[in-house]
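> Dropping the sequence and predicted coords here.
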Amino acid sequence: MYNGIGLRTARGSGTNGYVQSNRAFVKPVNVRRAEEINRTGGIGARDGEWKARTAVEGNKEINEHNRKREVEAQVYALRDELEEEDVPEAEIDKKCDELRQELLAKMPTPKKVGTDSHQNAEAKARDDQKLRDAFGIRDDRHVPGAAFDRELQDQLKAQRQAEREARALEEAERARARKQKDLDRRERELKEKEKALKRRERKRDGGDDGRAPKRRRARSASSSSSSSSSSSSSSSSSSSSSSSSSSSSSSSSSSSSSSSSSS
C-alpha cells in the first residue's frame, strides 16, 4: 500500500503489491487553450510564429561560440603546459596556432545531444527536418496548425479543384490538337495516294496512245494482205473459168466434126 492506495498485503493477490499509474487516465483539456495552440502554434503566438524561434531551432551563434570555446580551452591547456616546461614564447605561439588550426578543421557538428538547451533545440530541428524530408513536407508551403483552419482548408480545396479543372481543359485541348493533327495527316496521305493514282493513269494513257498507231498500221497491213489474196483468188478463178470455156468449145468442135464425118 502506498499513500492509502492498493492492497494492505500482497498475500493471496497473485501480485507483488507494486502500485502502477493508471495509463487509461485522460487529463482534462481546456478547449480554448487547445484551439489557440493548434491555431497559432503556441500560447500567445501571432500568425503561427513562436515568440522565440531560438526555443525551436536553437541559436547557432551560441553553439558555434561554445565549440570554439572548447577549442580555446584545449589551446590554453597546451600553452600552460609548455610554459611550465620553459619553452620559448615563439615556439609556444607556433604550437598553439597549429593546435588551434587542427582543432578548428576537425570541429564537426556534434551529433550527441548535450545538456545545453540550444544544442538540444538544434538537434531537434535537425530531426524535424529529416522527418519533413521523409514525408515530403515543404517548408515554404507548410504552416503549423493549418490543418485545423476550416477557411484555409476550404480555400485550398477550391484552389486544387480549379487546378484540376485547368489541367483537364489543357489535356482536352492537347487531345483535340492530336486528333486534328491525325486528321490532317490522313488527309495528306489520301491526297498523295490520289496524286499517285492520277500519275499512274496518265502514264497508262500515254502508253496506249503510243501503241495505237502501231495497231492501226498492223490492221491496215492485214487488210491489204487480205485484199491482195482475194484479188489473186479472183484472178485464178477467172483463169479457170476461161480454161473451162476453151475446153468446152474444143469438145463442141470435135463433136461437130464427128457428126459430119458420119454423114
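Nice, I can see it.
> Please count neighbours and contacts with C-alpha atoms only from this point.
Noted.
> Residue 75 reaches residue 100, doesn't it?
Yes. With contacts counted by Cα atoms under 8 Å, residue 75 reaches residue 100, the gap being 6.3 Å.
> Helices of this protein, residue ranges please.
31-40, 54-57, 60-84, 89-105, 117-135, 150-262 (DSSP state H).
> residues in contact with the fourth one?
In this case it means helix 89-105. Contacts to helix 89-105, defined as Cα atoms under 8 Å, 6 or more residues apart in numbering, come from residues 68, 71, 72, 75, 76, 78, 79, 82, 83.
> tilt between it and helix 60-84?
Taking axes from the mean of the first three to the mean of the last three Cα atoms, to 10 degrees, one finds helix 89-105 and helix 60-84 inclined to each other by 150 degrees.
> For helix 89-105, buried residues please.
Buried residues in helix 89-105, counted by 16 or more other Cα atoms under 10 Å: 92, 95, 96, 99, 100, 103.
> Highest neighbour count among the contacts of helix 89-105?
residue 75 (20 neighbours; other Cα atoms under 10 Å).
> Give me the nearest residue to it, chain neighbours excluded.
Take residue 75 and drop its neighbours on the chain: the residue closest to it by Cα to Cα, 6 or more residues apart in numbering is residue 96, 5.7 Å away.
> Provide the count of other residues in contact range of residue 122.
Residues near residue 122, counting by other Cα under 10 Å, number 21.
> how near is residue 158 to residue 148?
16 Å (Cα to Cα, to the nearest Å).
> Output stretch 169-176 in PDB with nothing but the alpha carbons.
The C-alpha trace of stretch 169-176 is given here as PDB (Å, rounded to 0.1, in the frame of the first residue of the first chain):
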ATOM      1  CA  LEU A 169      -9.000  21.600 -70.000                       C
ATOM      2  CA  GLU A 170      -5.400  21.500 -71.100                       C
ATOM      3  CA  GLU A 171      -5.500  17.800 -71.500                       C
ATOM      4  CA  ALA A 172      -8.600  18.000 -73.600                       C
ATOM      5  CA  GLU A 173      -7.100  20.800 -75.700                       C
ATOM      6  CA  ARG A 174      -4.000  18.600 -76.300                       C
ATOM      7  CA  ALA A 175      -6.100  15.600 -77.200                       C
ATOM      8  CA  ARG A 176      -8.100  17.800 -79.700                       C
END
